[in-house]
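> Sequence plus predicted model, see below.
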Amino acid sequence: MTARLTAAAVACLTVLAWTAVPEGQTTGAAALVASHDEATRWAEATLKGLTLERKVGQMLVEQMRGEYVAEGSPQLERWLRLAREHGIGGFVVYGGAPHDTARLLNRLQREAELPLLIAGDFEGGPGQQIAGASEFPPNMALSAVGSEELAYAVGRVGAVEGRAMGIHLTYSPVVDVQTRPDNPVLGGRSFGADVEQLGRLAGAYIRGYQDHGMLATAKHYPGRGDVELVAGTEFTINRKPADQVEREDLRAFRHAIDAGVAFVMSEHIAVPSIANGSDLPASVEPVLARDWLRGRLGFKHVLTSDDLWYQKVTDRFGAERAGVLAVRAGHDALLKPADVVKTLEAVVAAVRGGEIPERQIDDSVRRLLYWKARLNLHRRRLVDEAGVARVVGVPAHVALVREVAERSLTLLVNDGVFPRQAGDAGALLHIVLQKQDHDPAAAEVAARIRAALPVGRTFVIGPTTDRAVHDEARRAAAEAPTIVVSIFNQRTVYRDNGPLRDADLALVREVAGLRPARAIVMAYGNPYVAGSAAGAAAVLVGYGEGGFYGNQLAYADAFIRLMRGEIGTGGRLPVRVSERFPIGSGLVVPPRAAGGGGR
């Protein structure tokens, strides 16, 4: 057992229940309060009482929704059957509101013979999934700040909010190294290109979660940052030579392992250079899943697959066969098979047919039961539904979200625009460029800016916007005292870095030329579009991509405060955008001096 993971938590947290705290403060959490010895004893004793079917059931994780669901509904009845009759090990929750999610998870826990391990994909914090919980900017924002203390705090808040709702495991952090400006597969989800900084910050994030009672997952093993699509398929491949894979991708996972991470998630990625030329993905390749991860990197805890329902997986390997192959390769947990019951039956049949040794199943289940006990679920699996509002989304946590956004805001060009002065309060022209015609986050950003700053006109331009709107925006720009261009143009996964459409690129450059000293460009979630803003007086980057991948509204609020002179900038690029903007680019400006006016 990794002492580094648990010493502080176990030494100082001896209560077995949540402690009520004043609003705005966090509690010590339902922490890792069971000792290693107690967890080991319980896991061993529990394992001995399980049939083969129940053992395999513990290895399966099904997806579920966290919203309100009525008693007797077919959806709830199915989840209850999986917990009660098939003994599956856990669920991963998507969506919901804090009280509804807590109530539903308590309902499932009461039905299960053994405690369920409940997971959530909290890359952007609990609010990425649960409305009303704290939603943070993504990993790249933490790298733009570079503070281990801040990364730890983000993990701490995620853990205490997650545990308050009955969630025990986050499928984060992403520890994929991202070095290719032309194809940034992970975008803001990655900590960036610097493996050592990634290791420091991911380690702090992991400890923040696990010191406060929630397990973390390093993903996507063996590294998804610098991959490309295999021609004619949806599978990906890392074509780097072996020494580079070890130096970059695998080193990132070694950092997470050294930090004591409890779970590693594999991905459907082939790495021929370290797998004897095999084109099989890590989800089914024993050389990657067992020989490298456990043998060479020394990982001793739980290896989970990524989603097994993907059509590319079921088409290539078979829906149930994919689960069997994943277990054969060395996985302890199977995430979201196409049919969880049929997959359970297929793995049981593979054991009885001699294809998988039962002792391997025992080892996997022992690991899973051990962590359930370390989280004290063998003693207390239910949460206090009345206490949720004292923990989830409280003002202190909202303030931390704001701090991450403000400290990570990165200023790449500043031709005398910032800090804003008292006389800079003239009317603004706001041009919104968005990749999709309908982008709710972009609309909300525009509304917030319009409410907070002296905006005269706003133009929203998407892929099907009439060319006449471009022309009208150009005419308005020629007369506007200050122009703000907000860009919502995300990467296309595996294909490009989100270049602007030709018409939008031409508009940005023409507008900047019309008002060269007064054009401000703000990129939301995609630093790679900064190179498109040639000629602008100021160019800024925020790291929230929206959707699952980072809070864009927090950056709108940060931008507003910067425009008012209330904050300065200090973020640094964690990736290379271009020759002009290498890693580490970023200008430091102070807030406006006290006493300045302006709206």
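Looks like it came in fine. Numbers count the residues shown, from 1 in each chain.
> need the helix or strand of the chain with the lowest average pLDDT.
For the chain, scoring each helix and strand by mean pLDDT, DSSP states H and E identifies helix 3-12 as the least confident one, at a mean of 35.
> what's the following helix or strand after that helix?
Using DSSP states H and E, the helix or strand that directly follows helix 3-12 along the chain is helix 36-48.
> Quick check: mean pLDDT of that next one?
Mean per-residue pLDDT for helix 36-48: 97.
> what residues does that helix touch?
1, 6, 34, 55, 114, 362, 365-366, 369-374, 378 (CB atoms under 8 Å, 6 or more residues apart in numbering). Backbone N, C-alpha and C define where each C-beta goes, glycine included.
> hang on, H220 is in a helix, isn't it?
No: applying DSSP: H, G, I helix; E, B strand; the rest coil, one finds H220 to be strand, outside a helix.
> number of nearby residues for it?
H220: 26 surrounding residues under other CB atoms under 10 Å.
> so how far is V324 from it?
21 Å (CB to CB, to the nearest Å).
> Please apply the same query to P591.
Going from P591 to V324 by CB to CB gives 59 Å.
> who has more neighbours, the two?
For P591 versus V324, neighbours defined as other CB under 10 Å are more numerous around V324 (23 against 17).
> and that one, what element?
V324 belongs to helix 319-329, assigned by DSSP H and E.
> Could you list every helix and strand that the helix or strand following that helix packs against?
As assigned by DSSP H and E, the chain's next helix or strand after helix 319-329 is strand 334-335. The contact analysis (3 or more CB pairs under 8 Å, 6 or more residues apart in numbering; DSSP states H and E) places strand 334-335 against strand 60-65, helix 319-329.
> chain center to the very next helix or strand once past the first one: distance?
Downstream of strand 60-65, the next assigned helix or strand under DSSP H and E is helix 74-84. In this view, helix 74-84 has its centroid 28 Å away from the chain centroid, taken as CA atoms, centre = their mean, to the nearest Å.
> and the angle from helix 74-84 to strand 60-65?
Angle of helix 74-84 versus strand 60-65, following axes from the mean of the first three to the mean of the last three CA atoms, to 10 degrees, is 160 degrees.
> Averaged pLDDT, helix 74-84. What do you get?
Helix 74-84 comes out at a mean pLDDT of 98.
> what do you get for stretch 338-345?
The predicted model assigns stretch 338-345 a mean pLDDT of 98.
> Okay, buried residues for that stretch please.
A338, V340, V341, T343, L344, E345 (16 or more other CB atoms under 10 Å).
> From the contact counts, what lies against the helix or strand containing L507?
Using DSSP H and E, L507 sits within helix 502-514. On a contact count with 3+ CB pairs under 8 Å, 6+ apart, helix 502-514 meets strand 428-434, helix 467-479, strand 482-488, strand 519-524.
> same thing but 7 Å
helix 467-479, strand 482-488, strand 519-524 (3 or more CB pairs under 7 Å, 6 or more residues apart in numbering; DSSP states H and E).
> For F299, find the nearest of those.
Of all those, it is strand 519-524 that lies closest to F299, at 36.1 Å by CB to CB.
> which element follows that closest one toward the C-terminus?
Counting by DSSP H and E, the next helix or strand C-terminal to strand 519-524 is strand 538-542.
> residues in contact with G498?
Contact analysis of G498 by CB atoms under 7 Å, 6 or more residues apart in numbering lists N489, Q490, R491, T492, N526, Y528, V529.
> sorry, back to before: which ones among the buried residues of stretch 338-345 map onto helices?
V340, V341, T343, L344, E345 (DSSP state H).
> TSV for those, including distance to D306?
TSV is the format used below for these (distance: CB to CB, whole Å):
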residue	distance to D306
V340	15
V341	20
T343	15
L344	19
E345	22
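> and which of these is nearest to F459?
Looking across these and measuring by CB to CB, the closest to F459 is V340, at 48.8 Å.
> Any regions of the stretch 351-500 of the chain where pLDDT drops low?
When residues are selected by pLDDT under 70, those of the stretch 351-500 of the chain lie in 422-425.
> now the spatially most distant residue from the centre of the chain: how far from A519?
Most distant residue from the mean C-alpha position of the chain: E479, 42.1 Å away (CA atoms, centre = their mean). As judged by CB to CB, E479 and A519 stand 13 Å apart.
> Hmm, Y171 is touching V264, no?
No: assessed by CB atoms under 7 Å, Y171 is found out of contact with V264, at 10.6 Å.
> can you map out the helices along the stretch 51-200 of the chain?
In the stretch 51-200 of the chain, the helices defined using DSSP state H, counting those that start in this stretch lie at 52-58, 74-84, 98-111, 139-145, 148-165, 195-210.
> which residues does the residue farthest from the centre of the chain contact?
Contacts of E479 by CB under 7 Å, 6+ apart: none found.
> Got the domain ranges for the protein?
3-390, 409-563 (automatic domain parsing).
> Any chance of the backbone angles for the residue lying closest to L280 once chain neighbours are set aside?
Nearest non-adjacent residue to L280, counting by CB to CB, 6 or more residues apart in numbering: A270, 6.2 Å away. Phi and psi for A270, reported as degrees, to the nearest 10, are phi -100, psi 140.
> To what extent is A270 buried, counted in neighbours?
Using other CB under 10 Å, A270 is surrounded by 24 other residues.
> ok now stretch 273-283, how far from the chain's centre?
Stretch 273-283 has its C-alpha centroid displaced from the chain centroid by 26 Å (CA atoms, centre = their mean).
> actually stretch 533-547, sorry about that
21 Å.
> cool, stretch 349-356 as well?
Offset of stretch 349-356 from its chain centre (CA atoms, centre = their mean): 36 Å.
> Over to stretch 472-479?
39 Å.
> Could the C-alpha coordinates of that stretch be exported in CSV?
Output of stretch 472-479 as CSV, limited to C-alpha atoms (Å, rounded to 0.1, in the frame of the first residue of the first chain):
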residue,chain,number,x,y,z
GLU,A,472,-22.6,44.8,-41.5
ALA,A,473,-20.1,43.8,-38.8
ARG,A,474,-17.3,45.2,-40.9
ARG,A,475,-19.1,48.5,-41.3
ALA,A,476,-19.9,48.7,-37.6
ALA,A,477,-16.2,47.9,-36.7
ALA,A,478,-15.1,50.9,-38.7
GLU,A,479,-16.9,53.2,-36.3
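> mind listing what's buried in it?
Within stretch 472-479, judged by 16+ other CB under 10 Å, the buried ones are A473, R474, A476, A477.
> still on that earlier bit, filter the contacts of G498 to the buried ones?
Among these, those classed as buried by 16+ other CB under 10 Å are N489, Q490, R491, N526, Y528, V529.
> Tell me the secondary structure of Y549, please.
Note that with three-state DSSP, the state of Y549 is coil.
> That one touches S190, doesn't it?
No: with contacts counted by CB under 7 Å, Y549 stays clear of S190, the gap being 10.4 Å.
> Compare the two and say which is more crowded by neighbours.
Counted by other CB under 10 Å, Y549 and S190 do not tie: S190 has more neighbours, with 27 against 24.
> could you redo the domains of the chain as a markdown table and give each row distance to P582?
What follows is the domains of the chain, written out as a markdown table (distance: least, CB to CB, whole Å):
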| stretch | distance to P582 |
| --- | --- |
| domain 3-390 | 10 |
| domain 409-563 | 11 |
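> quick one, which of the ones you listed is nearest to V575?
domain 3-390 (4.9 Å).
> gap between that closest one and the chain center?
Remark: domain 3-390 is offset 12 Å from the chain centroid, using CA atoms, centre = their mean.
> Return the residues in contact with the residue nearest the centre of the chain.
Nearest residue to the geometric centre of the chain (CA atoms, centre = their mean): E123, 1.8 Å. E123 is in contact with P138, S172, V174, R189, F548, Y549, counting by CB under 7 Å, 6+ apart.
> In a markdown table, list the residues you listed along with distance to L150.
A markdown table is the format used below for those (distance: CB to CB, whole Å):
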| residue | distance to L150 |
| --- | --- |
| P138 | 13 |
| S172 | 16 |
| V174 | 17 |
| R189 | 17 |
| F548 | 21 |
| Y549 | 19 |
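> Right, I'll leave it there.
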